[in-house]
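In: Sequence first, then the predicted structure, then my questions.
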Amino acid sequence: MEATSTRDATGGTGGRSVLVRLDGELLPFVAPRNRVESIRVPHDGTASLGHLVQSLGVPLTEVGQLRLDGAPVAATERAAAGGVLDVAPVRFPERIRQRFVLDVHLGALARRMRLLGIDTAYHNDATDEELLDQAARQRGVLLTRDRALLCRRALSEGAYVHASDPAEQQSEVLARFEPTLRPWTRCVPCGGELEEVPKAEVAARLEFGTRRCYQRFARCTACGRIYWPGAHSPGLRRIVESARHRPARPDRRGGEPG
Ligand SMILES: [Zn+2]
């Protein structure tokens, strides 16, 4: 069984290389043929250790401490050939930011995060360049299921979303970043913040039944959409409840990286 062996990725020539030992949690990022306890990676001494790790398919956003021959080392450092590099997974929680930029395939997760009051930028037609630019300008964490995007040099902060199911994605993001939850304070379609507004100001825009049954109203400061507290659907309430009562340590790995 290959899983307990050392694989030689130097093309069998031996040559100059670094022996990389990836933590088991990082192996799903690696091509199946390279999913072994330790792998010999060609290294000419010019690439950084971070580049070496990413060359195996593991985005640095998912990597925690690096140790070279047992000593902690930065991803930007270079190593002489012949060393042994141990790669640990990123440690949770990572309370780095309270603002997030979501990739185009994460629309359902974006709506959930906004419902929970998390600052979430999402446009279903954003290009990779726009996502990277927005994350950098807004100092947000880019969430994606695209490994290649996380390996881009222009990326500042990012994270891989393992799960494909939106409920599991929500659990993953909450466990990893522990963002402050403020349910019902943001506009779900656009992400803008809501402000209370006097009924008289919005009455003309309400349907008769709504005008009659509700007294308190909120308006999106970005798009002007009007909300009335108490009118939330059971489905939305369940999402908020699941976030408030999430298990302390949910499974941190949901699926195979794409
Ligand atoms: Zn809005």
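Out: Cool, got the structure.

In: backbone phi and psi for the residue lying closest to Arg112 once chain neighbours are set aside, please?
Out: Nearest residue to Arg112, sequence neighbours excluded (Cβ to Cβ, 6 or more residues apart in numbering): Gln170, at 4.9 Å. From N, CA and C alone the C-beta is placed, and that goes for glycine too. Main-chain torsions, Gln170, degrees, to the nearest 10: phi -60, psi -50.

In: Tally up the residues packed near Gln170, please.
Out: Neighbour count for Gln170, taken as other Cβ atoms under 10 Å: 24.

In: Export stretch 25-42 to CSV, keeping only CA atoms.
Out: What follows is stretch 25-42, C-alpha atoms only, in CSV (Å, rounded to 0.1, in the frame of the first residue of the first chain):
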residue,chain,number,x,y,z
GLU,A,25,-5.7,16.6,6.7
LEU,A,26,-3.9,18.2,3.7
LEU,A,27,-3.6,15.1,1.6
PRO,A,28,-7.0,15.6,-0.1
PHE,A,29,-5.5,18.6,-1.9
VAL,A,30,-2.8,16.5,-3.4
ALA,A,31,-3.1,14.4,-6.6
PRO,A,32,-4.0,10.8,-5.7
ARG,A,33,-0.7,9.4,-6.9
ASN,A,34,1.1,11.7,-4.4
ARG,A,35,-1.1,11.0,-1.4
VAL,A,36,1.6,9.5,0.7
GLU,A,37,3.1,10.2,4.1
SER,A,38,6.2,11.8,2.6
ILE,A,39,7.1,12.8,-0.9
ARG,A,40,10.4,13.8,-2.4
VAL,A,41,10.0,17.0,-4.3
PRO,A,42,12.6,18.4,-6.8
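
In: any idea how far that stretch is from the chain center?
Out: Between the centre of stretch 25-42 and the centre of its chain there are 22 Å (Cα atoms, centre = their mean, to the nearest Å).

In: Contacts only, for the residue lying closest to Tyr122 once chain neighbours are set aside.
Out: Spatially, and ignoring its direct neighbours in sequence, Tyr122 is nearest to Ala110 (3.6 Å; Cβ to Cβ, 6+ apart). Residues near Ala110 by Cβ atoms under 8 Å, 6 or more residues apart in numbering: 102, 120, 122, 191.
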